[in-house]
Structures are given as C-alpha cells and as structure tokens.
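Peer 1: Give me coordinates for this.
(2 chains)
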Amino acid sequence: VTLLEQNPRWRLVPRGQAVNLRCILKNSQYPWMSWYQQDLQKQLQWLFTLRSPGDKEVKSLPGADYLATRVTDTELRLQVANMSQGRTLYCTCSAGTGGNTGQLYFGEGSKLTVL
Amino acid sequence: QQKVQQSPESLSVPEGGMASLNCTSSDRNFQYFWWYRQHSGEGPKALMSIFSDGDKKEGRFTAHLNKASLHVSLHIRDSQPSDSALYFCAASGTSSGQKLVFGQGTILKVYL
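Peer 2: Numbering: from 1, shown residues only, chains lettered A, B, ... in the order given. The predicted structure follows:
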C-alpha cells in the first residue's frame, strides 16, 4: 500500500502562474510530513517539515517561491510560485515518525514545467 | 559548498559484480547516515541506515561508516540489473531527523 499519494503528478505551468500540490498521508503512524525539491540534476533539497494542522511556512529559493501548509493530519500542501521560465522542477513529499533514527518514506513526486 | 559529497557520479558493473559507492560529509554535526535508492519515475526509497562506526550488512548490501573521517560507503555484492538506479547518501544531525541532507547521487548501471 502506498503511504503517500501526490497530485498532480505532472503540471505544465504558464509563466507567472502559481501551482498547488497536494500530498495525502495514508498511515497516520508517520505524522511528520516534509517537502523536498529535486532539480533536473536529481539533487534533492529539503524545503519544509510541518507536523501539525495549521502550520505554515514560506521560503524563497533561486528559481521559485514556496508556501507550505499542513492542512489536516493527513494532508500537506505546497504552493509553488514565480518559477523561472523554462524551468523543470520535481517536488516530493515525505513522511516519518519523527526523531533521528526512523527512515523517511517518499512520495512519487510532482513534476512542474514552466512554459 | 555541498555538505555531502558522493563518488563516483556514475558506475557500471557487470551482473554478479561488486558495486562500491562512496560518500563524505563536511559537517561534523551529522550523526545519522542513510542510503536511499531511486528508480526512474519513483520517489527515493530507504535502503539502509548506519549510525555507528563499522560495518552493517543487510543481505547483499553492506554499509560502512567511519565517523572520524565522516566517510560512508555502500557495497553491493552480486549486483543485479534491478539494482540499476540512482543512489543517494543522506545525513542528518541530532535535532533534524526529518531534514535529510542528500548527496548529489551516484548512477549505478548493472549490465548483463
């Protein structure tokens, strides 16, 4: 059974438009949810970890602006805005039990391409 | 500067051969090390963890950690074509278990 469901899996983003990504957790035993970005060179970079419903965080990185929201115990959202023209980016969510020794489980990722 | 460096960038081994992947960290706060594997079109999946100096063996996979030199390695014996994937070394500190710092990855190809 897949622990994390991400949607959409792929989106063409018109320049200047923001896109909203969802990550749904299927097992509440792994409540620590995070977003990672992965560039075309496959480099993974941590963005946010949000534990509780209502938690929000923002971040600006070269090439995109991010707003993450923990909507419910089972839903994490990511709004990606101001992506650079021609850029392709993958956003992947993860879930874990918290602490340092548990593994993280990753979703299959959402691919964003700016027109 | 990349805090977790992996080598080589890519590696080709014959089926049944041994694959050796290396990882060095530049941050002494990192205490927990992981190897993740990513097949095309999928998310990364944890292969194994190593937190103490020495070797840790799980089936065909053996990880080695030297905390003094912050060096981690992964050895895959009897490599199979299904082992062909992108392998990541990842590290975290004592207060940031969900925030993994990943290396840039090693592409492994196992050929027949």
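
Peer 1: who are the neighbours in contact with residue A:46?
Peer 2: A:34, A:35, A:36, B:98, B:99, B:100, B:101 (CB atoms under 8 Å, 6 or more residues apart in numbering or on different chains). Where C-beta positions appear, they are placed from N, C-alpha and C, glycine not excepted.

Peer 1: and the fifth one, how many residues sit next to it?
Peer 2: The one in question is residue B:99. 15 (other CB atoms under 10 Å in any protein chain shown).

Peer 1: Name the SS class of it, please.
Peer 2: What DSSP: H, G, I helix; E, B strand; the rest coil gives for residue B:99 is coil.

Peer 1: Bridge partners for the nearest residue to it once chain neighbours are set aside, pull those for me.
Peer 2: Leaving aside its sequence neighbours, residue B:99 sits nearest to residue A:46 (CB to CB, 6 or more residues apart in numbering or on different chains; 4.7 Å). Beta-bridge pairing of residue A:46 under DSSP bridges involves residue A:36.

Peer 1: Give me the pLDDT for residue A:46.
Peer 2: The model reports residue A:46 with a pLDDT of 96.

Peer 1: got it, and the one 5 residues further on?
Peer 2: On the pLDDT scale, residue A:51 is placed at 96.

Peer 1: Nearest residue to it in space, ignoring adjacent ones along the chain?
Peer 2: Closest to residue A:51 by CB to CB, 6+ apart is residue A:32, at 5.6 Å.

Peer 1: Reduced to three states, what does residue 2 come out as?
Peer 2: Chain wasn't specified; assuming chain A. Relying on three-state DSSP, one would call residue A:2 coil.

Peer 1: thinking again about what came up before, return the residues in contact with the residue nearest to residue A:51.
Peer 2: A:49, A:51, A:95, A:96, A:97, A:98, B:97, B:98.

Peer 1: Who wins on neighbours among those residues?
Peer 2: Result: residue A:95 is most packed of the contacts of residue A:32 (other CB under 10 Å), 25 neighbours.

Peer 1: So it is in contact with residue A:31, correct?
Peer 2: Yes - counting by CB atoms under 8 Å, residue A:31 is a contact partner of residue A:95 at 7.4 Å.

Peer 1: so which helix or strand takes in the residue in chain B that chain A sits nearest to?
Peer 2: In chain B, the residue that lies nearest chain A is residue B:43 (3.4 Å; CB to the nearest CB). Using DSSP states H and E, residue B:43 sits in no helix or strand.

Peer 1: Any figure for the gap between it and residue A:98?
Peer 2: For residue B:43, the distance to residue A:98 equals 20 Å [CB to CB, to the nearest Å].
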